[in-house]
Structure formats: structure tokens, C-alpha cells
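Undergrad: with the sequence up front, the predicted model follows.
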Amino acid sequence: RKEVEQDPGPFNVPEGATVAFNCTYSNSASQSFFWYRQDCRKEPKLLMSVYSSGNEDGRFTAQLNRASQYISLLIRDSKLSDSATYLCVVNLPRSSYKLIFGSGTRLLVRP
Amino acid sequence: ETGVTQTPRHLVMGMTNKKSLKCEQHLGHNAMYWYKQSAKKPLELMFVYNFKEQTENNSVPSRFSPECPNSSHLFLHLHTLQPEDSALYLCASSPSSGSRNEQYFGPGTRLTVT
């Protein structure tokens, strides 16, 4: 089983749609969780950290389910500029420095 | 955004060449990282430096040699590379304290080995 698994997509949605991605992780002792976005041929950029209580940043909401070992990202009112690959990232237990990146979920928002 | 810069942005080198990649961070962080991203693969951690000390070498071949002279600068020295080493090499930095370890990436060096 991969340490971090994501549906590669692509998710093809119209502008204004709500879209959700899930990610599962294998190590129950992981403590830090993040979503990054990566545009084509660019570097990953931190989108948001994921907290146990869930957190929201504008149109983006992240949730953590420790019991089921999955993380979700919800994007409301999709914009064309949201088109990118979304990377789920989890730390290795006992090492806050070592992050494991998922392969990413590709989102295409069409006009 | 100029928090983490990398040079060169593109590099083409032959298998017998020696070259170096440079990374500089202006965020006051104490931890720096090298990652490799090959086509259609997730990011792979290569090296970690914390307060200039190497804390992680993720089984990287010796043809890749990192150097961290201070907390703001990180180099990756390359020699006798193979074509399969062609990839995007990304540098990142993060604060060394605390458990959240949010990492910030530079724009990367796209390396082609011929």
C-alpha cells in the first residue's frame, strides 16, 4: 500500500462547481497534514495545513479523519484559476521534517 | 515571490560534466531540503539539512553531493550523472522548530542529462 494515495483524476468540472478530493495515508501515527497545489511545470505551493478540527480558508475547506486515515479538500465555487494538481502531503512519524507527497489529483475547471 | 530562489532554472549537461545547483532562502528558516520530481512521479526527498547539519540522506547515489555552508544557502553538486537523473530538482525550506513543518519551495531547476 502506498504511504499516501490520491485519485489521479482528472476531475473536469464547470466554473462555479463544488469539487472534493480525498486522500488516504497508511501510517496512523502521522501528525502533520497539508494540501499543496502545483501548476504545470511549476513548484508546489502550500495551499493549507490540515488541522484535527478541520479548517477553512475562503473557498477551501480541509478535513482530517484520523479514524479512517483520510484527508479531504473541498473547493467551492470553482474558478478557472483553480485548475492545477493538488498534492496531499503527510509527515513521517517521528520525523517532522520528512514529508511524503502523494502523486496528486488533477483538477480542470472549464468555462 | 522570492522567498526561495534557485539557479539555474534550466540545465543541460552531458554525463561526464560537473555542475552545481544553487538554492537560497530569504525566509529566516533553519531547515533546507532537496527533492527530485520525475515525470508522473511524486516528489522524492533527497537530502535534509537542519542548522547546516545533514540529517537525512534518502539513499541518494553519490553522484549527487549536497553542501550547506549556512542556513540560507544549499547546493547540489552533480557529477557523472545518468540520463535517468533528468528531472525537476526542487529546493525547499522550513522553520526547524515546531511540528507543523510547512515547507516552501523554490521554482526548481529543470535538469536534462544527455
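TA: On my side now, so go ahead.

Undergrad: can I assume residue B:39 sits in a helix?
TA: No: per DSSP: H, G, I helix; E, B strand; the rest coil, residue B:39 lies outside any helix segment and is coil.

Undergrad: the closest residue to it other than its chain neighbours pairs with what?
TA: In this structure, residue B:39 finds its nearest non-sequential neighbour in residue B:87, 7.7 Å apart by C-beta to C-beta, 6 or more residues apart in numbering or on different chains. No exception for glycine: its C-beta is placed from N, CA and C like everyone else's. In this entry, residue B:87 is beta-bridged to residue B:111, by DSSP bridges.

Undergrad: pull the contacting residues for residue B:87.
TA: B:36, B:37, B:38, B:39, B:111 (C-beta atoms under 8 Å, 6 or more residues apart in numbering or on different chains).

Undergrad: one more: residue A:99?
TA: A:32, A:34, A:89, A:90, A:91, A:92, B:45, B:101, B:103.

Undergrad: and it, bridged to which residues?
TA: Here residue A:99, judged by DSSP bridges, has bridge partners residue A:91.

Undergrad: show me what from chain B comes close to chain A.
TA: By the rule C-beta under 8 Å from any C-beta of the partner chain, the part of chain B lying against chain A is B:31, B:33, B:40-43, B:45, B:48, B:50, B:55-56, B:88, B:90, B:94, B:98-108, B:110.

Undergrad: run the last query once more with 6 Å
TA: Residues of chain B found near chain A (C-beta under 6 Å from any C-beta of the partner chain) are B:42, B:43, B:48, B:90, B:99, B:100, B:101, B:102, B:105, B:107, B:108.

Undergrad: least confident of those?
TA: The pLDDT minimum for the residues of chain B next to chain A sits at residue B:99, where the score is 55.

Undergrad: highest neighbour count among the contacts of residue B:87?
TA: residue B:111 (21 neighbours; other C-beta atoms under 10 Å in any protein chain shown).

Undergrad: my guess is that one contacts residue B:12. True?
TA: No: counting by C-beta atoms under 6 Å, residue B:111 does not reach residue B:12; the two are 7.9 Å apart.

Undergrad: quick one: low-confidence parts of the chain?
TA: Just so you know, I chose chain A. Applying pLDDT under 70 to chain A flags the ranges A:96.

Undergrad: wrong one, I was asking about chain B
TA: Low-confidence segments of chain B (pLDDT under 70): B:1, B:97-100.

Undergrad: strands of the chain, residue ranges please.
TA: Looking at chain A here, since you left the chain open. Along chain A, counting by DSSP state E, strands occupy A:4-6, A:11-14, A:19-25, A:33-38, A:44-50, A:55-57, A:60-65, A:70-75, A:84-92, A:95-101, A:105-110.

Undergrad: I was after chain B.
TA: Using DSSP E, strands in chain B cover B:4-7, B:10-13, B:18-25, B:31-37, B:44-50, B:53-57, B:64-70, B:73-79, B:87-94, B:104-105, B:109-113.

Undergrad: let's have those in CSV, adding distance to residue A:9.
TA: Output for the strands of chain B, formatted as CSV (distance: least, C-beta to C-beta, whole Å):
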stretch, distance to residue A:9
strand B:4-7, 28
strand B:10-13, 28
strand B:18-25, 31
strand B:31-37, 18
strand B:44-50, 21
strand B:53-57, 31
strand B:64-70, 32
strand B:73-79, 31
strand B:87-94, 20
strand B:104-105, 22
strand B:109-113, 24
